[in-house]
Each structure stands twice: as C-alpha cells, then as structure tokens.
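S.K.: Just need the structure, nothing else, for what follows:
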Amino acid sequence: MQRLRGEVLYMGHMLTRRQFSWMMGASAFAQGKPSRPHIIFYLSDDHGWDLAGCYGNKVIRTPHLDALAGQGMRFTKAFAASPTCSPSRAILYTGLHSARNGLMGNHTRSKPGIRSIAQYLKELGYRVVLANKTHVGPVEVFDFEYVKAVLPPVPGRLRKYRQEGLDTKVIDGLLAEHARNRASQPLCLICADNGPHVVWEKNRTYQPESIPLPPITVDTPMTRTAMANYYQDITSTDARLGEVMASAKKHGFEENTLFVYTSDQGPEWPHSKWTVYDSGLRVPFVARWPGRIRANSVTDAMISFTDVTPTLVDVAGGKPVAGLDGSSFQDVLLGKKKSFRTEIFASHTGDGEMNVFPQRGLRDLRYKYVLNLHPERRWTTHFTLVDGIPESHRDVYDTWVAKGRTDGAAAKLVETLERHAGEELFDTEKDPWELQNLAGRAEMAGVLARMRARMKEMREKLGDVDG
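M.R.: Numbering: from 1, shown residues only. Just a heads-up that it's a prediction; the model follows:
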C-alpha cells in the first residue's frame, strides 16, 4: 500500500482515502471484526485522583489500575465538571455543562431534547451499553441499552446510600455474548461501579495508623478507621476493574479497544465531594489503546468531563458534534499534543435538602476562583449531618469538632470548612488543597479581577443562574 497526495495505491488500484476506508471497513465486517474500535469505560464512584499507586500513593493497593496505567496513558489534570453524582454523569454523557443539559441538582433530570453519547455512537453503528449504576434521566436522553449488573447484598454489611459493587460475571457474559453474536459490531460498554461510594467496606487490609491523611482532615482515631475503610473500598473496586480487564482480554476486547478508567468525582470527605475544590473535582483518568496510546505515558494536559463525549465520538470515527461545551482530546491520547485546555469550569447546586452550599469554580493552569452563591450559609453535607453510620459521616466529623475545642489547628480547619467568603482565590501550585484564600490580598487583585470577569462571562454564556 502506498499513499499519494490524498489517494491510496492499494494492490495496483488507485483509490481515494474515502474509498480505501470504506473498503477496509467492509473487509473487516466480512471477517467478523468491527472497523471501529470498541470502547470500554470503567466509571467508579467517589475515587479521589491521588488515591492509587500509579498516582504516587505508596500505601494504597490498586494493582489493576496501576497495570492499566503501565499499558497506557495517565492523566494528571483530569477534572469532573460537577462534584455531584448525577450532574457529573450527565456532563460526562452529553458534553454539556449542567446549566445547558438541565441536570443541575443531584437526582434531577436533564431537559428534554438533549442528546447523549448513546445516540451519537448508535448513529455510528455502535451497540451502547450502560451496566449497573445509572443515576441519570430521562431514558429518552440517556438512551442506553441498560444492563443490571450489581452484586447481591452481603449479609451484615451496611450499604446505606449505595448498592454493592459491579457484578463482573454479568460483564463477562455480556462480552462473551457480543463476541459470539455481534462480532462485527463495535461495542461501547460503560461499567458503572458503585465503589468506593459510602458506606465503605470494613477494612481488612490496611493499618490505620500508617495511612497518610490529607490536610483537609483532622487526625483522630476515628478518622483513621474511616480512611482505612475508604482505602479498602477502593482496593475492592480495583479488584473488580481487574476482573473486567481479564474478561476483555479473554473475549478479544483488548487489542482493538480503548479502555478508560475514571471516577465521577472526588471522595465523600469534607472539602471534596459536593465542593468545587480540586479534591472534589480532580479524578484519576487512565486510558489504554494498544498500538495507538504509548504504554506507560503520562500527560499533564488539562481535560474536563465535557470533553469525554466529543472524544469518544472522534475515536469512533464520527464528525465533531456542533454546540457542545467540550472538544476531542484524541490527539493527546495519541501523543500528538502535550497540552489541551487552559481552564475548566465547574458548578455545584445541591442534593435536595442536603449539601445546599452552591458554588461555581473556575480553574486555570495555576489559580482557582470559587464563587460561593450563598456565603451566609454554614457549609454542611451528608458527612457533617448524617447519624447512624458507624465509622463514617457525622460520628467522624464530631471527633473533629471535639478536638477543635482544645486544639487550635483543628478548630481553624473546622472553621475553614464551614465558613466561606463570597469569593475565594487559591494558588494551586503553592496551596494544592486550597485552604489559603488569597482573594483579599492586594498583590492578587489583578488575578482576582481577571478570573472574576471570566467567571461572569462563562456563566452568561452557559445561561447559568444562582441556585
């Protein structure tokens, strides 16, 4: 085969590239192989970006995610566009910010007439399956083939606010069935796990006293017990990821497959989930595509969940979808670009009568601007209010408040978590946990004004309103 000025010389015949692509696709179809890559997208729930071995955590055990990173590309600056389950997933599946797709509060629904990745990929010939956790609606917008794939309850294990994890045997059966009966059709399979969402499993792996605690927590024995439980749930989720990876290999869904692992937002700890700080938005994002993505590669390119749908459409061979808030980063995956975005926007509205501390966030490559829409309110979430969950939620937070009565550093952190100015500005290089508000400093006035103006511009563009 020889390429000449946009044409292809193939076996003595001169073909246009369109003719050649069509012929290759038809040939693959005849051989029982799809002409477009499969996509397997493993979506966990509440997994903090740095809580994996491949992201530098030396204690947590995530051997399968680490292996995936060794076979593909690890993103260091991947961000959800909402720190809340339903809005984050709706953004991921539509390529539209919450104000535009309509699903702003948790457990709400998108506007009618919105289109999602399900429709875009079906039009390209894909079978598009969402297995297990949905958490978006209505089905007319999110028109997936839904597959129930949840593990049965474990006797004696409290799972309030969630079900057990992904049933990987169902996934194995689905992949086997597709390989057997639909071998020529490309598959997009979203494996939506329930872990490591609270309530976490009881720890059986870690020594609580050796677990590193982030500076957004108060070091108490109950904090360490809860963090060990959270680590345990991450490790159990990682084991299920490994089982899906093994099934993909067994049934021939490895070589011609883009396999992605990420999470819907950060962990259910204070200053994380339900907030637009980096610990609420920044997520692990690892992609493998044999022969296309260089193994053991790392990118600092900034991406948003608004970019995922455009990227998957691009990978699937579709034309760019007009009117989306994101764009394709396939060139980053393929090593053709080292940078992508210069800023990300995120919004949080609420969760019914809980977590009602609405925020908007704008982050560039260094600074984060946070607009708190109701700074007169005291920040609260499930973590600070919900009783009756042993070694989790309020019983942990109460130990922080109690320690703050005699410990000045603990008291200062609790005050920082609960009370917020209308505007916050952080230097994410010097203050990655975003605890030092620089908005009132004279030397930061220029940065503050620039980001305030950009926030106003973004909200007007999106039709975003207070709430």
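S.K.: Quick check: the gap between Asn138 and Tyr146.
M.R.: If you look again at residue 138, you'll see it is Pro, not Asn. From Pro138 across to Tyr146, the span is 13 Å (Cβ to Cβ, to the nearest Å). C-beta: built from backbone N, CA, C; applies to glycine.
S.K.: I meant to write Phe259 there.
M.R.: Distance from Phe259 to Tyr146, by Cβ to Cβ: 21 Å.
S.K.: just Leu187 next, same as before
M.R.: 15 Å.
S.K.: repeat for Leu189
M.R.: For Leu189, the distance to Tyr146 equals 12 Å [Cβ to Cβ].
S.K.: all helices for this structure, in order.
M.R.: Along the chain, counting by DSSP state H, helices occupy 17-30, 63-71, 85-94, 98-101, 117-122, 168-181, 221-250, 278-281, 308-315, 330-333, 382-385, 394-404, 408-418, 445-462.
S.K.: Please identify the most buried of those helices.
M.R.: Neighbour counts (mean count of other Cβ atoms under 10 Å) averaged over each of the helices of the chain peak at helix 85-94, with a mean of 28.
S.K.: what's the angle from it to helix 308-315?
M.R.: When axes from the mean of the first three to the mean of the last three Cα atoms, to 10 degrees is applied, the directions of helix 85-94 and helix 308-315 differ by 30 degrees.
S.K.: Out of the helices of the chain, the one nearest Tyr367 is which?
M.R.: Closest to Tyr367 of the helices of the chain is helix 445-462 (Cβ to Cβ; 5.7 Å).
S.K.: so how far is the closest one from its chain's centroid?
M.R.: Offset of helix 445-462 from its chain centre (Cα atoms, centre = their mean, to the nearest Å): 25 Å.
S.K.: Check stretch 93-100 too.
M.R.: Centroid separation for stretch 93-100 versus its chain: 14 Å, with Cα atoms, centre = their mean.
S.K.: right, and the helices of the chain - which one's nearest Arg157?
M.R.: Closest of those to Arg157 is helix 221-250, at 11.0 Å (criterion: Cβ to Cβ).
S.K.: what stretches of this protein score poorly on pLDDT?
M.R.: Residues of the chain meeting the criterion pLDDT under 70: 1-32, 467.
S.K.: ok, now with 50
M.R.: Residue ranges of the chain with pLDDT under 50: 1-5, 8, 10-13, 15-31.
S.K.: which stretch among the helices of the chain comes nearest Tyr42?
M.R.: Counting by Cβ to Cβ, Tyr42 lies closest to helix 221-250 out of the helices of the chain; the figure is 5.6 Å.
S.K.: quick one, the closest one and helix 168-181 angle?
M.R.: 20 degrees.
S.K.: Tell me the helices and strands packed up against helix 221-250.
M.R.: Here helix 221-250 touches strand 38-44, helix 63-71, helix 168-181, strand 257-263, helix 394-404, going by 3 or more Cβ pairs under 8 Å, 6 or more residues apart in numbering; DSSP states H and E.
S.K.: Apply 10 Å and report the result again.
M.R.: If contacts are counted by 3 or more Cβ pairs under 10 Å, 6 or more residues apart in numbering; DSSP states H and E, helix 221-250 sits against strand 38-44, helix 63-71, helix 168-181, strand 187-192, strand 257-263, strand 282-288, helix 394-404.
S.K.: That helix vs helix 394-404, what angle?
M.R.: Going by the same axes, to 10 degrees, helix 221-250 makes 140 degrees with helix 394-404.
S.K.: starting at the chain centroid, how far to helix 221-250?
M.R.: Using Cα atoms, centre = their mean, the offset of helix 221-250 from its chain centre is 16 Å.
S.K.: coming back round to it: hey, what's in contact with both of Leu189 and Tyr146?
M.R.: Val129, Leu130, Ala131 (Cβ atoms under 10 Å, 6 or more residues apart in numbering).
S.K.: Asp427 pairs with what?
M.R.: Residues in a beta bridge with Asp427, per DSSP bridges, are Tyr367.
S.K.: would TSV of the helices and strands packed on helix 221-250 with distance to Asn372 be doable?
M.R.: Shown next, in TSV, are the helices and strands packed on helix 221-250 (distance: least, Cβ to Cβ, whole Å):
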stretch	distance to Asn372
strand 38-44	28
helix 63-71	34
helix 168-181	41
strand 187-192	31
strand 257-263	25
strand 282-288	19
helix 394-404	20
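S.K.: Of the ones you listed, give the one that comes closest to Ala439.
M.R.: Set against Ala439 and scored by Cβ to Cβ, the helices and strands packed on helix 221-250 come closest in strand 282-288, at 21.1 Å.
S.K.: What is that closest one packed up against?
M.R.: By 3+ Cβ pairs under 10 Å, 6+ apart, strand 282-288 packs against strand 38-44, helix 63-71, strand 73-79, helix 221-250, strand 257-263, strand 297-304, helix 308-315, helix 330-333.
S.K.: Next one: Gly463 relative to Ser347, how far apart?
M.R.: If you measure Gly463 against Ser347 using Cβ to Cβ, the figure is 12 Å.
S.K.: These two: who's more crowded?
M.R.: Taking neighbours as other Cβ atoms under 10 Å, Gly463 and Ser347 compare with Ser347 leading, 26 against 9.
S.K.: Beta-bridge partners for the more buried one, please?
M.R.: Counting by DSSP bridges, the residues bridging with Ser347 are Arg360.
S.K.: Please tell me I have it right and Val315 contacts Leu333.
M.R.: Yes: counting by Cβ atoms under 10 Å, Val315 touches Leu333, with 7.9 Å between them.
S.K.: Alpha carbons only: can I get stretch 237-253 in PDB?
M.R.: Provided in PDB are the C-alpha atoms of stretch 237-253 (Å, rounded to 0.1, in the frame of the first residue of the first chain):
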ATOM      1  CA  THR A 237     -13.200  -1.700  43.400                       C
ATOM      2  CA  ASP A 238      -9.800  -2.100  41.800                       C
ATOM      3  CA  ALA A 239     -10.200  -5.900  42.100                       C
ATOM      4  CA  ARG A 240     -13.400  -5.700  40.000                       C
ATOM      5  CA  LEU A 241     -11.600  -3.500  37.500                       C
ATOM      6  CA  GLY A 242      -9.100  -6.300  37.100                       C
ATOM      7  CA  GLU A 243     -11.800  -8.800  36.500                       C
ATOM      8  CA  VAL A 244     -13.300  -6.700  33.700                       C
ATOM      9  CA  MET A 245      -9.800  -6.300  32.200                       C
ATOM     10  CA  ALA A 246      -9.300 -10.000  32.300                       C
ATOM     11  CA  SER A 247     -12.700 -10.600  30.700                       C
ATOM     12  CA  ALA A 248     -11.900  -8.100  27.900                       C
ATOM     13  CA  LYS A 249      -8.700 -10.000  27.200                       C
ATOM     14  CA  LYS A 250     -10.400 -13.400  27.300                       C
ATOM     15  CA  HIS A 251     -13.100 -12.400  24.800                       C
ATOM     16  CA  GLY A 252     -11.000 -10.500  22.400                       C
ATOM     17  CA  PHE A 253     -11.700  -6.900  23.600                       C
END
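S.K.: Great, nothing more from me.
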